[in-house]
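Visitor: make a model of this:
(4 chains)
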Number of protein chains: 2
Amino acid sequence: MKSPRAAAERAAPITEWEALVVEAVGTVIEFWRFKRNQGRVWALLYLRGREMTAHDLQEALALSKGAVSMVTRELEEWGVVSRVRSDADAAWHFHAETDLMKMVGRVIEKRESKLVLGVKADLERAERLARASGDVPPDVLARLHRMKTLASVIDRAVRGFLHTARLDVGGAVSVLSGVLPVRRPRRGSARISPG
Amino acid sequence: MKSPRAAAERAAPITEWEALVVEAVGTVIEFWRFKRNQGRVWALLYLRGREMTAHDLQEALALSKGAVSMVTRELEEWGVVSRVRSDADAAWHFHAETDLMKMVGRVIEKRESKLVLGVKADLERAERLARASGDVPPDVLARLHRMKTLASVIDRAVRGFLHTARLDVGGAVSVLSGVLPVRRPRRGSARISPG
DNA sequence: GGTGTAGTTCAAGCGCGCTTGAACTGCAAG
DNA sequence: CTTGCAGTTCAAGCGCGCTTGAACTACACC
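Guide: From the prediction side, this is the model:
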């Protein structure tokens, strides 16, 4: 064969239980508007806990060459996967970082900001136009104004969520990396298992 | 003509500023995984503050007959739009309720529950299978367990958000209906019932 | 130089959900 | 009964984003 090294370390085919985990993470990540395969790749890397080549990933997850390239690049940009050049092998090897949720939080926040800024600008322009036109009844203007208020309320609620999630996820990061978060006798946080 | 009543009350074509509002709400509602046209219809009904027929909506928002029928039925099922038979006209008239966010919160919560329950079940099954197979290294089992913990953490964060959002939106409802929310510095008992 | 493998890019294809519009029911007036 | 409008349904069409796979670059070894 051409590459005895790679051939020797042929990727282990994915097991049934690994597939369950991979698809579960894929489903969640898809729900948060990322690509399913991003979640699948991260999940497998994290689960196995050792480096895998692009080729390994391609076979284990039944992806095309191109898909692996795109997905890994995106995960790398977000800092949830890193790529190392191993000595024993000419190929790149990927391994999972543990701060998946930090990335999710960051990206969601950016998306939300963009959305909210656009909407706010549109509502304000609408209000200006409506006032300028002069023939808009006061009750309609009042409702328009209330919608702006609603937008702010929603915005604040989402930001509050992201903030809280970020904090909670601070614990989650530790959970993923194996470091136990400080046990606070808060609400039912007794879920954390001994390492 | 055939129907002098309807002809006389021809729907006012949508103005530029109304379009801005309608599209803004459509964008937000779409972001929350509802149909854009659901947001557009609700927004126009709410903004104008008076009843509109299916035909009015069709013209004002450039929708097809079928689309109006589907969208209004869905909005009705969620309780954010109601339908009344006017005396002056044989047709149904729609008008907007003000508790849009209550619906959004409810539906999002349902979706999230479904997702989380499925994921939890899958991860638990995976853990059982992995243990049963016997040849899974302990560190991998540990990571699998940690993923379950992460799932719980995320779940709790989302539920916290929805809870908070629901409360905040209690105020928002009042905002939309014109009743000013009481400025309570603390959350919790801010449930305002005008009736 | 040539050969082979690793990885990237992007136009074309595919899948999936939303929208359309024609056929349908129902009702009221003539 | 017929006519005409209001509203519903659903198969087919369309749009949009993800995936594919072939052509490409890059690099290592001979």
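Visitor: please make it C-alpha for all contacts and neighbour counts, starting now.
Guide: Will do.
Visitor: secondary structure element holding the residue of chain A most remote from its centre?
Guide: Computed with CA atoms, centre = their mean, the residue of chain A farthest from its C-alpha average is residue A:135, at 47.3 Å. No secondary structure element spans residue A:135, as it lies outside all helices and strands (assigned by DSSP states H and E).
Visitor: distance check, it against residue B:15.
Guide: When CA to CA, to the nearest Å is the yardstick, residue A:135 and residue B:15 sit 12 Å from each other.
Visitor: quick one: buried residues of stretch A:137-147?
Guide: Judged by neighbour count (16 or more other CA atoms under 10 Å in any protein chain shown), stretch A:137-147 contains these buried residues: A:141, A:143, A:144, A:145, A:146, A:147.
Visitor: how about that stretch as PDB, C-alpha atoms only?
Guide: C-alpha atoms of stretch A:137-147 as PDB (Å, rounded to 0.1, in the frame of the first residue of the first chain):
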ATOM      1  CA  PRO A 137     -53.800  58.400  14.200                       C
ATOM      2  CA  PRO A 138     -52.300  58.800  17.700                       C
ATOM      3  CA  ASP A 139     -53.400  55.300  18.800                       C
ATOM      4  CA  VAL A 140     -51.500  53.700  15.900                       C
ATOM      5  CA  LEU A 141     -48.400  55.800  16.800                       C
ATOM      6  CA  ALA A 142     -48.800  54.600  20.400                       C
ATOM      7  CA  ARG A 143     -48.900  51.000  19.400                       C
ATOM      8  CA  LEU A 144     -45.800  51.500  17.200                       C
ATOM      9  CA  HIS A 145     -44.000  53.000  20.100                       C
ATOM     10  CA  ARG A 146     -45.100  50.000  22.300                       C
ATOM     11  CA  MET A 147     -43.600  47.600  19.800                       C
END
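Visitor: circling back: ok, which of the buried residues of stretch A:137-147 also contact chain B?
Guide: Restricting those to those within reach of chain B (CA under 8 Å from any CA of the partner chain) leaves A:143, A:144, A:146, A:147.
Visitor: doesn't the last one fall inside a helix?
Guide: Think residue A:147. Yes. Per DSSP: H, G, I helix; E, B strand; the rest coil, residue A:147 lies within a helix segment.
Visitor: I'd guessed it sits against residue B:176; true?
Guide: Yes. Residue A:147 sits in contact with residue B:176 when judged by CA atoms under 8 Å, with a separation of 6.7 Å.
Visitor: just to revisit the earlier point, please identify which of the buried residues of stretch A:137-147 is nearest to DNA strand C.
Guide: Minimum distance to DNA strand C across the buried residues of stretch A:137-147 is 22.2 Å, recorded for residue A:147 (CA to the nearest atom of the strand).
Visitor: got the contact list for the closest one?
Guide: Contact partners of residue A:147, counting by CA atoms under 8 Å, 6 or more residues apart in numbering or on different chains, are residue B:176.
Visitor: and the gap between it and residue B:101?
Guide: Separation of residue A:147 from residue B:101 (CA to CA): 12 Å.
Visitor: does stretch A:109-116 reach DNA strand D?
Guide: No. Using CA under 7 Å from any atom of the strand, no contact is recorded between stretch A:109-116 and DNA strand D, whose separation bottoms out at 13.4 Å.
Visitor: ok, back up a step: now pLDDT too, for the ones next to chain B among the buried residues of stretch A:137-147, in CSV please.
Guide: As requested, these are arranged in CSV below (pLDDT from 0 to 100):
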residue, pLDDT
A:143, 93
A:144, 94
A:146, 89
A:147, 91
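Visitor: any low-confidence regions in chain A?
Guide: Within chain A, the ranges that satisfy pLDDT under 70 run A:1-11, A:87-88, A:165-175, A:179-195.
Visitor: centroid residue for it?
Guide: residue A:104 (3.2 Å).
Visitor: tell me the SS of that residue?
Guide: With three-state DSSP as the basis, residue A:104 sits in helix.
Visitor: that one - nearest residue in space that isn't next to it in sequence?
Guide: In space, not counting the residues next to it along the chain, residue A:104 is nearest to residue A:32; the distance is 7.8 Å by CA to CA, 6 or more residues apart in numbering or on different chains.
Visitor: about what we covered before: list phi and psi for the residue farthest from the centre of chain A.
Guide: phi -100, psi 30 (degrees, to the nearest 10).
Visitor: which one of the ones next to chain B among the buried residues of stretch A:137-147 sits closest to residue B:27?
Guide: The shortest approach to residue B:27 among these belongs to residue A:147, at 13.8 Å (CA to CA).
Visitor: the closest one and DNA strand D, how far apart?
Guide: 26 Å (CA to the nearest atom of the strand, to the nearest Å).
Visitor: quick one: that residue from residue B:75, how far?
Guide: 18 Å.
Visitor: and residue A:52, by the same measure?
Guide: The separation that residue A:52 has from residue B:75, given CA to CA, amounts to 49 Å.
Visitor: residues in contact with residue A:54?
Guide: A:65, A:68, A:69, A:92, A:93, A:94.
Visitor: same thing but 10 Å
Guide: Residue A:54 makes contact with A:60, A:63, A:65, A:67, A:68, A:69, A:72, A:91, A:92, A:93, A:94, according to CA atoms under 10 Å, 6 or more residues apart in numbering or on different chains.
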